[in-house]
Every structure is written in C-alpha cells, then in structure tokens.
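Q: Test case, fold it:
(chains A and B)
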Amino acid sequence: DAGVIQSPRHEVTEMGQEVTLRCKPISGHDYLFWYRQTMMRGLELLIYFNNNVPIDDSGMPEDRFSAKMPNASFSTLKIQPSEPRDSAVYFCASSPDRGSYNEQFFGPGTRLTVL
Amino acid sequence: GNSVTQMEGPVTLSEEAFLTINCTYTATGYPSLFWYVQYPGEGLQLLLKATKADDKGSNKGFEATYRKETTSFHLEKGSVQVSDSAVYFCALSPPSGGSNYKLTFGKGTLLTVNP
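A: Sure, this is the predicted structure:
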C-alpha cells in the first residue's frame, strides 16, 4: 500500500510567487493534516480536514495561506504571495478514524525555499 | 490546553549505550500518547503508542510506559545503534470522543549515535 504522497519534494521560488503543494493521502483515511516544520518553531499544525471538510484552520499563519481538499484523494496547500519566512518543510499526514486514538501517517515532505 | 514537554537535545551516545528521552505532558482526562521518529530527510513515522494508563508501548527495542501519576511517557532503549540516529518526538492525542483529532507534539530531541 502506498503511503502519503507529496509533490514536489523540493521547491525553490522567488518572493512574491505563488506556490502550490500537493498531497495524496492513504486511501480510506478520513483525516488529512498539513504541518510546517522549521528549526525555530518546530512542527506546527496548519490545518486539518475530516472527510474533505476543513475542521480547524487556526494554525494557518495568515491569509496568504489557503488549503483545499476537493476530494478524498487530493489536497493542496497554496501560498500566495510567498515570502522568505515561508521557507520550511511542509508535511502532509493522513489518519484513519479508529475512534480511540489518532495515529497519523506522514508523507516525505516538501522542502520549500523562498528567495 | 494540551502540551508536551520533552528533554532538549542534542543527545549524543556511543553505540550500545542506554537511552532515555524524557517526556511529560499536560492534558485533561486520559489522552493517548505516542513517540514518533524522523530520520534525516524523511517524514515522521510512528515508533510506538500507548492508549491508556500503565500501558507499555514497544517497537524495535524501544519502550515507553504511560504513567498517569507522573504524567510521563519516557522513551528508553537498552542498547542503541548508529541506525537509531534521528529526531524523536513525543506527542499526545485527546481522549476519544469529540471532534478534536489534533496531535500535540513536543519540540523533538535529536539523537546521534556514534560507532
């Protein structure tokens, strides 16, 4: 079974450009999470979805960030316009709904560099 | 709110040494507890979990016991290997029920094992 798939693995862009990160969760998982990881702030939850519906976006840093999940097998995280401080590794994770606990499966991440 | 505190790294050990990484938490009720591991250049992987008090999670020679009385979930391994070099994250998930499936992560502890 394929794990969580993210693309691209690396993205280098210039300040002001639009960036779109993509994620395919594990088939059958009901939850999808977007995280950002930096040395300074560690691992931060940006937003999560349940059955394609955004549940909590309180971690989205500002209006420049948006996330969508048009169907159960695809999600995007968009940054527009991008800024150098957005440089980080962005992880997507998915989770089945087991009721009693939350085990998340992480993708390999997208390393974003904004020049 | 929920929080996780783990010992700051980096931790540097020689091969076959004993490992302890401390983790304490703050949460209401009985959360589920996890240790995740992140190898260089990869996403996080679930290492072990415990879903109720006094449970012991174990995997790949690592162990952690859910101690409700001390609100702790310390990670241990009797004999580390060079291949164990990674960043280790302690995390908690709220008790079952409700719609909050967010994981709360500690800041991570970098472990380096030298031959």
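Q: which residues in chain A form strands?
A: Ranges of strands within chain A are A:5-7, A:10-13, A:19-24, A:31-38, A:42-50, A:53-56, A:65-71, A:74-79, A:88-95, A:105-106, A:110-114, based on DSSP state E.
Q: buried residues in the longest one?
A: Judged by neighbour count using 16 or more other C-beta atoms under 10 Å in any protein chain shown, the buried positions of strand A:42-50 are A:43, A:45-50. Placement of C-beta: from N, CA and C, glycine included.
Q: where do the strands sit along chain B?
A: If DSSP E is used as the criterion, the strands of chain B fall at B:3-6, B:11-14, B:19-21, B:23-26, B:32-38, B:44-50, B:56-59, B:62-65, B:75-77, B:86-93, B:104-105, B:109-114.
Q: and those strands, which one's lowest on average pLDDT?
A: The minimum mean pLDDT among these belongs to strand B:104-105 (a mean of 90).
Q: got the strands of chain B as TSV, with mean neighbour count and distance to chain A columns?
A: Listed next are those as TSV, based on neighbours: other C-beta atoms under 10 Å in any protein chain shown; distance: least, C-beta to the nearest C-beta, whole Å:
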stretch	mean neighbour count	distance to chain A
strand B:3-6	18	11
strand B:11-14	14	17
strand B:19-21	17	15
strand B:23-26	18	14
strand B:32-38	24	4
strand B:44-50	20	4
strand B:56-59	14	11
strand B:62-65	20	15
strand B:75-77	20	17
strand B:86-93	24	4
strand B:104-105	20	5
strand B:109-114	17	11
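Q: Residue A:107 is nearest to which of those?
A: Among these, the nearest to residue A:107 by C-beta to C-beta is strand B:44-50 (9.6 Å).
Q: helices and strands around that closest one, which ones?
A: Applying 3 or more C-beta pairs under 8 Å, 6 or more residues apart in numbering or on different chains; DSSP states H and E, we find strand B:44-50 packed against strand A:105-106, strand B:32-38, strand B:56-59, strand B:62-65.
Q: chain center to the third one, what's the gap?
A: With C-alpha atoms, centre = their mean, to the nearest Å as the basis, strand B:56-59 stands 10 Å off its chain's centre.
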